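J.: Model the structure of this input:
(one chain, ligands or ions: 1)
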Amino acid sequence: MSSNEKTLFGHPMGLYVLFFTEMWERFSYYGMRAILFLYLTKSASEGALGLPEDTAGAVYGLYAASVYLLTLPGGWIADNILGQKKAIWLGGICIMIGHGVLALPATPSIFFLGLAFVAVGTGLLKANISSIVGELYPEGGAKRDAAFSIFYLGINLGSFLGMFIVGYLGEKVGWHYGFGAAAFAMFFGLINFKVNGKYLKNVGEKPNKKASYTYLYVVIALLAIAVLSVTTGMLDSIQLANSMKYIISGITVGYFIYIGFLDKSLTIIERRRVGVLFILFVAIAIFWSGFEQAATTFTIFADRHTDRDLFGWDLPASWFQNANSFFILVFSAPFAALWIWLNKRNLNPNVPVKFGLGLIQLGLGFLVMYFAAQRILDGTLAGMGWLTFTYLLHSLGELCISPVGLSSYTKLAPKKYYSQMMGLWFVGASLGNLIAGLFAGNFDEGNVDAMPGLFMQFCMYGAVAGLLMILFQKQIKNWMGGIE
Ligand code: GLN
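T.: Numbering: from 1, shown residues only. Sure, this is the predicted structure:
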């Protein structure tokens, strides 16, 4: 940041341009996502698609997994061809078109085409906008950390407003009005980016590398195979989602093995750090696979099994997902202060312990859902407190794991693999979302008795993974080789 640059609250104006662009983008993403599973599963008589839960879960999983997976080619395109600014602009346009298509009362195939546009657009926008935030602060340090915290508030402010407005319109007025509102939100984000983009100066203007196009061709070929396998009826969406789960896990493990064992240019310290990155990858994928059930199983629970009556008004089921952004907005600052306070007293938990705490809170949230699910077995509705309490635990878990994980990834990555490792962070979210979608396939209406057991399963995953992180904290910390 140069000394004569225009600032607001000590940060360059560019940060606020990115803040509002991301706010509107997340408004559209989370707003649409809040009603997506309901739209997929509700009956045609309610104006929706009426898919069975397992197909809907697979479609949700494939969509959300692609959103995060496509951040890899999205980052590559920005680095090598477009520069981040143009990639964000193009991504925003794709997202707006995608939501616009969803707003049309058309056939399911057109609807899936709309989802594909949103996924490609988000792939271009999401990771690139975060990397420009970093580039505004080339000196790094505490100022950059503060900028990311402000940016995270923009994310959650956007999702909070989006879920309220899109959720209300979608469920109470008409699904397609909801999707249309998401398209308008992205339109506002694009206007903001265009009008105020000058404050970004020349950051993200030009690509910074020139690589061979082979990578891009491979990605396009893989996408074409996936699309063809479904359109020709070779695979259905459930089989495709299941195959994708194994392909993503396999490639990730292979990639870690390559870096950790086969790249002889890395030192032993760097290799151990790669080992830690792998452990954190598994932990974050488990975390998101439970957490992201907000959009699937928890929304089913809110819709079918929760008494949503508030002073005579039936709350939209999609609004429960809002509890997460609300709790993040409320607790982000106290949490940041808590870590600083603990740090001063040398009591700040280390990275594996924070991950452990996050995973245990994930498990506890599912324990709450286990009890809630037992109450509804005889047909009674659960009170709103159950889901809200689960969201509280999951949001506190998110605050222990997500910001800490992201910054550990930036610090532990060997220099030459820096951007790939950042990409892998999003692959963790991709895998988590895919599992969260596939898991919802077990929640069909005729299978209510299985619900407590299914929630208990995730309670165990979270608790066991969390305890392992805490148990092996010394070993993991040693492998981090001095990085805090
Ligand atoms: N809620 C955050 C966001 O949208 C983190 C989501 C994730 O990484 N899965 O950026």
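J.: all contacts plus neighbour counts: C-alpha atoms, from now on.
T.: OK.
J.: so which strand or helix has the nearest residue to residue 124 once chain neighbours are set aside?
T.: For residue 124, ignoring the flanking residues on the chain, the nearest one in space by Cα to Cα, 6 or more residues apart in numbering is residue 74 at 4.1 Å. Element membership for residue 74 (DSSP states H and E) is helix 71-77.
J.: after that helix, next one along is what?
T.: helix 84-102.
J.: which residues touch that following helix?
T.: For helix 84-102, contacts defined as Cα atoms under 8 Å, 6 or more residues apart in numbering pick out 25, 74-75, 77-78, 110-111, 113-126, 128-129, 132, 176, 179-180, 182-184, 186-187, 189-190, 193, 203-207.
J.: Only the buried subset of these, as a ChimeraX command please.
T.: What follows is the ChimeraX syntax for the buried subset of these, where burial is set by 16 or more other Cα atoms under 10 Å:
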select :25,74,75,77,78,111,114,115,116,117,118,119,120,121,122,123,124,125,126,128,129,132,176,179,180,182,183,184,186,187,189,190,193,203,204,206,207
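J.: middle-most residue in this structure, spatially?
T.: Geometric centre of the chain, nearest residue: residue 429, 5.5 Å, by Cα atoms, centre = their mean.
J.: Low-confidence stretches in the chain?
T.: Within the chain, the stretches with pLDDT under 70 are 1-4.
J.: Could you report the distance from residue 7 to residue 15?
T.: Applying Cα to Cα, to the nearest Å, the value for residue 7 to residue 15 is 9 Å.
J.: try residue 93
T.: From residue 93 over to residue 15 the distance is 21 Å, taken as Cα to Cα.
J.: Check residue 231 too.
T.: 42 Å.
J.: check contacts around the residue nearest to residue 124.
T.: 87, 123-125, 127-128.
J.: Once you drop chain neighbours, what's closest to residue 356?
T.: Per Cα to Cα, 6+ apart, closest to residue 356 is residue 466, 3.8 Å.
J.: In which helix or strand does that neighbour reside?
T.: helix 451-471.
J.: Flag every buried residue along that helix.
T.: Going by neighbour count (16+ other Cα under 10 Å), the buried part of helix 451-471 is 451-452, 454-456, 458-467, 469-470.
J.: Alpha carbons only: can I get that helix in PDB?
T.: Output of helix 451-471 as PDB, limited to C-alpha atoms (Å, rounded to 0.1, in the frame of the first residue of the first chain):
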ATOM      1  CA  MET A 451     -32.700 -40.600  11.200                       C
ATOM      2  CA  PRO A 452     -31.400 -40.800  14.700                       C
ATOM      3  CA  GLY A 453     -28.900 -43.400  13.700                       C
ATOM      4  CA  LEU A 454     -27.700 -41.400  10.700                       C
ATOM      5  CA  PHE A 455     -27.100 -38.300  12.800                       C
ATOM      6  CA  MET A 456     -25.300 -40.400  15.400                       C
ATOM      7  CA  GLN A 457     -23.000 -41.700  12.600                       C
ATOM      8  CA  PHE A 458     -21.800 -38.100  12.000                       C
ATOM      9  CA  CYS A 459     -21.600 -37.400  15.700                       C
ATOM     10  CA  MET A 460     -19.100 -40.300  15.900                       C
ATOM     11  CA  TYR A 461     -17.100 -39.100  12.900                       C
ATOM     12  CA  GLY A 462     -16.700 -35.600  14.400                       C
ATOM     13  CA  ALA A 463     -15.900 -36.800  17.900                       C
ATOM     14  CA  VAL A 464     -13.400 -39.500  16.800                       C
ATOM     15  CA  ALA A 465     -11.600 -37.300  14.300                       C
ATOM     16  CA  GLY A 466     -11.500 -34.400  16.900                       C
ATOM     17  CA  LEU A 467     -10.100 -36.600  19.600                       C
ATOM     18  CA  LEU A 468      -7.500 -38.000  17.300                       C
ATOM     19  CA  MET A 469      -6.300 -34.500  16.500                       C
ATOM     20  CA  ILE A 470      -6.000 -33.600  20.200                       C
ATOM     21  CA  LEU A 471      -4.400 -36.900  21.000                       C
END
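J.: Which secondary structure elements does that helix sit against?
T.: The elements that helix 451-471 packs onto, with contact taken as 3 or more Cα pairs under 8 Å, 6 or more residues apart in numbering; DSSP states H and E, are helix 268-291, helix 351-375.
J.: Show me what secondary structure element comes after the first one.
T.: Pointing back at helix 268-291 there. Using DSSP H and E, the helix or strand that directly follows helix 268-291 along the chain is helix 297-305.
J.: One more: the longest one?
T.: Moving toward the C-terminus from helix 351-375, the next helix or strand (DSSP H and E) is helix 384-412.
J.: List the buried residues in that following helix.
T.: In terms of neighbour count (16+ other Cα under 10 Å), helix 384-412 has its buried residues at 384, 386-402, 404-405, 408-409, 412.
J.: Give me the distance from it to the chain's centre.
T.: Centroid separation for helix 384-412 versus its chain: 12 Å, with Cα atoms, centre = their mean, to the nearest Å.
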